[in-house]
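Engineer: please work out how this folds:
(chains A and B)
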Amino acid sequence: MVDAEVLEERIREGVGEVSHVVVRDLTGTQDHWEALVVSAAFAGKTPIEQHQMVYAALGELMTGPVHALALKTYSPESWARQEG
Amino acid sequence: MEDTVRERIQGIIEGNEVVLFMKGTKHFPQCGFSATLVEVLRRSGSEFQDFNVLEDPAIRQGIKEFANWPTIPQLYVRGKFVGGCDIVREMYEKGELDAVLSAKES
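Structural biologist: As a prediction, the model looks like this:
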């Protein structure tokens, strides 16, 4: 099991330029998660590349403690459109 | 990853126009994320081959390295990795998936 704070920290460190991150425990069992990440580092990257950056940031957590991770990734521009 | 596993994966994605690596089968998905993509592909009216990674531990591990993608399901169209559950579902919701599925080889 892993804490939301740990996941958040790893994402902030690994992805970089994170302006907004929300990690949510979907089942209350600390193994099925949802993460929303807004980062300037995503600009110009394909969705596949953006998700790969988050997976890389989480590293070995993805092969054990994290059984499932629903991901939403945005550049600051696309996030602004999303909100507006 | 062993070369034989990589070759098998190559064979699978080159031998099928649309192939979904998933947990369970299209008739009996054994994971919610896999079930979601089966449903999305059904609604798109796309014929697709399913590959049950639960019955093949070597492919189950190998496919994650193959696409540098640590989760399953994974969708491949004409040999190219299209995405996992979130990306493919979002493409479907934005109306972009049909173009990817039906595009002719250039």
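
Engineer: can you tell me which residues in chain A are near chain B?
Structural biologist: A:Pro47, A:Ile48, A:His51, A:Gln52, A:Tyr55, A:Met62, A:Thr63, A:Ala68, A:Leu69, A:Ala70, A:Leu71, A:Lys72 (C-beta under 8 Å from any C-beta of the partner chain). From N, CA and C alone the C-beta is placed, and that goes for glycine too.

Engineer: how about a cut-off of 6 Å?
Structural biologist: Taking C-beta under 6 Å from any C-beta of the partner chain as the measure of proximity, chain A contacts chain B at A:Pro47, A:Ile48, A:Gln52, A:Tyr55, A:Met62, A:Ala70, A:Leu71.

Engineer: by neighbour count, which of those wins?
Structural biologist: Neighbour tally across those (other C-beta atoms under 10 Å in any protein chain shown): the maximum, 21 neighbours, falls on A:Tyr55.

Engineer: residue contacts, that one?
Structural biologist: Neighbour list for A:Tyr55: A:Met62, B:Pro70 [criterion: C-beta atoms under 6 Å, 6 or more residues apart in numbering or on different chains].

Engineer: once you drop chain neighbours, what's closest to the residue in chain A positioned nearest to chain B?
Structural biologist: Proximity to chain B, evaluated over chain A using C-beta to the nearest C-beta, is greatest for A:Met62 at 4.1 Å. Leaving aside its sequence neighbours, A:Met62 sits nearest to B:Pro70 (C-beta to C-beta, 6 or more residues apart in numbering or on different chains; 4.1 Å).
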